[in-house]
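Peer 1: Sharing a model prediction with you, sequence too.
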Amino acid sequence: MRQTTDLERRDGHDVGRDPRCMSSAELEQLGHARMSPLKALRLKCLECSAGSAQEVRLCVVCSCPAWPFRMGKNPWRTKSSGNSDGVDPASATDMPATLTTPGKTGGNPTEAHVPGTPLPDSTVPTEKMQFLQAETAVAS
């Protein structure tokens, strides 16, 4: 019988253990490697996109909490920042406290990517862009 160190019983049900209460050895035994949260998010995005880095780059699920981090970089961090958290103090007040949807209260539609339109540093092949534009037209 397999020892399940990843689960615990709570109210008669199996639930995942709190990783904050697990040792490094236990996490490694479960197949988890040490990595940064950004790398973990990038790997999750790759998993969601069938392993295609190009599909991660082209992702249109802007409402996903991982979307800003999908390229493996923290968009809120600035290189010139001298503070320890890396967040530019001038832009810190512009950060939403919660996830917002562009066009809804709290969102900024001018900063959001509209599906079917070119991305700023777009490497989208013409065929893919035509597909996205057609898909957007159908949804309208």
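Peer 2: Now that the structure is in, tell me what you want to look at.
Peer 1: what mean pLDDT does stretch 69-86 have?
Peer 2: For stretch 69-86, mean pLDDT is 76.
Peer 1: meant to ask about stretch 34-48, not that
Peer 2: Mean pLDDT, stretch 34-48: 95.
Peer 1: Would you map the helices across the chain?
Peer 2: For the chain, the helices defined by DSSP state H occupy 24-29, 37-48, 53-58, 89-92, 126-139.
Peer 1: Out of those, which gets the lowest mean score?
Peer 2: Note on these: helix 89-92 shows the lowest mean pLDDT, a mean of 46.
Peer 1: For Lys44, give me its contacts.
Peer 2: By CB atoms under 8 Å, 6 or more residues apart in numbering, the residues touching Lys44 are Ala66. Yep, even glycine has a C-beta here, placed from its N, CA and C like the rest.
Peer 1: ok, it to Cys64 distance?
Peer 2: 10 Å (CB to CB, to the nearest Å).
Peer 1: Also Arg34?
Peer 2: 25 Å.
Peer 1: Also Thr78?
Peer 2: Separation of Thr78 from Cys64 (CB to CB): 23 Å.
Peer 1: Look at the residue nearest to Glu55 when sequence neighbours are not counted and say how many residues are nearby.
Peer 2: The shortest distance from Glu55 to any non-neighbouring residue, by CB to CB, 6 or more residues apart in numbering, is to Ser49 (3.7 Å). Residues lying near Ser49 (other CB atoms under 10 Å) number 17.
Peer 1: Also Gln29?
Peer 2: Applying other CB under 10 Å, we find 13 residues neighbouring Gln29.
Peer 1: ditto for Gly12
Peer 2: Gly12 has 5 neighbours, counted by other CB under 10 Å.
Peer 1: Mind pulling the model confidence for it?
Peer 2: As predicted, Gly12 sits at a pLDDT of 94.
Peer 1: what does the one 10 residues further on give?
Peer 2: In the predicted model, Met22 carries a pLDDT score of 93.
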